[in-house]
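Trainee: sequence and predicted structure are below.
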Amino acid sequence: MMSLTAQMIAQRGYHLTNLDDIAEQMDLSKASIYHYFDGKEALVMATLESCATYVEQRLTETAAREGTSAERLENLIRTQIELISVENVDIARLFLQSFDWPPSIGDAVHEWQRRHGRIFREVIHAGIESGEFVVRDERIACMAIQGAMNLVPVWYGNELARGDTKVLDDITASLMRIVIAAG
């Protein structure tokens with residue numbers, strides 16, 4: 001149910017997605033949805049929370065792996081791109097596009113975005129502290145990497161979905177240049 005809800009919201013937006021359409025797509029009655037959720041906002045919040053938790057868990061596990069900051073950041077970039085370009089393209093759309101969320105959902109989305117960014121910033125900060133990374137502003141470096149990653153599904157989604165690892169390697173290497181000093 002949540003995967004379909006995520007897909008519908010990503011395609012139509014929050015206000016153009018309704019429980020009738022979700023129920024119809026799932027071949028359920030609207031009453032069946034109300035059995036589990038108080039309404040559309042509760043279903044959407046549960047969907048977003050599930051997506052955010054999954055992504056945060058995957059990225060946290062990736063960031064915690066042994067290795068240098070450069071290796072950890074490279075793995076984070078690869079994991080993020082795979083998540084949003086191969087595993088579930090709709091995840092990124094839910095957190096990047098402004099859907100004119102109701103305040104409670106908008107506040108939660110903003111918090112999930114902060115937590116997501118924090119994972120990348122902590123690895124970048126560790127790399128600066130260790131001398132592996134040379135950047136003028138770690139916040140800008142983080143935003144540049146994340147911004148570019150979030151457009152990868154638009155630019156290279158088809159190649160990545162077909163398993164083109166050369167594209168993934170090239171993108172990762174290019175994004176690593178943001179923090180690695182040329183030498």
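Mentor: Happy to help now that I have it. Residues are numbered from 1 along each chain as shown.
Trainee: now the residue nearest the centre of the chain, nearest residue through space, not along the chain?
Mentor: The centre of the chain sits closest to residue 92, judged by Cα atoms, centre = their mean, with a distance of 4.5 Å. Computed as Cβ to Cβ, 6 or more residues apart in numbering, the closest residue to residue 92 that is not its neighbour in sequence is residue 84, at 3.8 Å. In short, each C-beta sits where N, CA and C put it, glycine included.
Trainee: and residue 93, what is it in contact with?
Mentor: The neighbourhood of residue 93, defined by Cβ atoms under 8 Å, 6 or more residues apart in numbering, consists of residue 10.
Trainee: tell me which element it falls in.
Mentor: Element membership of residue 93 [criterion: DSSP states H and E] is helix 89-96.
Trainee: one more: residue 41?
Mentor: Under the assignment given by DSSP H and E, the secondary-structure element containing residue 41 is helix 40-63.
Trainee: can you name the residues in contact with that helix?
Mentor: Helix 40-63 is touched from outside by 1-2, 5-6, 9, 14, 17-19, 22, 33, 36-37, 72, 75-76, 79-80, 83, 88, 91, 94-95, 102, 104-105, 108-109, 112, 115-116, 119-120, 122-123, with contacts defined as Cβ under 8 Å, 6+ apart.
Trainee: so of the residues you listed, which ones are in helices?
Mentor: Judged by DSSP state H, helices contain the following of the contacts of helix 40-63: 2, 5-6, 9, 19, 22, 33, 36, 72, 75-76, 79-80, 91, 94-95, 104-105, 108-109, 112, 115-116, 119-120, 122-123.
Trainee: so how far is the first residue of stretch 157-168 from its last?
Mentor: 10 Å (Cα to Cα, to the nearest Å).
Trainee: nearest spatial neighbour of residue 161, chain-adjacent residues omitted?
Mentor: Across the structure, with Cβ to Cβ, 6+ apart as the measure, the residue nearest residue 161 apart from its sequence neighbours is residue 86 (5.8 Å).
Trainee: how far off helix 40-63 does the helix or strand of the chain with the lowest mean pLDDT point, in degrees?
Mentor: Here the helix or strand of the chain ranked lowest by mean pLDDT, DSSP states H and E is helix 89-96, holding a mean of 74. For helix 89-96 and helix 40-63, the angle between their directions (axes from the mean of the first three to the mean of the last three Cα atoms, to 10 degrees) works out to 110 degrees.
Trainee: chain center to helix 89-96, what's the gap?
Mentor: The offset between the C-alpha centroid of helix 89-96 and the centroid of the whole chain comes to 6 Å, using Cα atoms, centre = their mean, to the nearest Å.
Trainee: what's the answer for stretch 84-100, then?
Mentor: Between the mean C-alpha position of stretch 84-100 and that of its chain there is a distance of 6 Å (Cα atoms, centre = their mean).
Trainee: since that was my last question, I'll sign off now.
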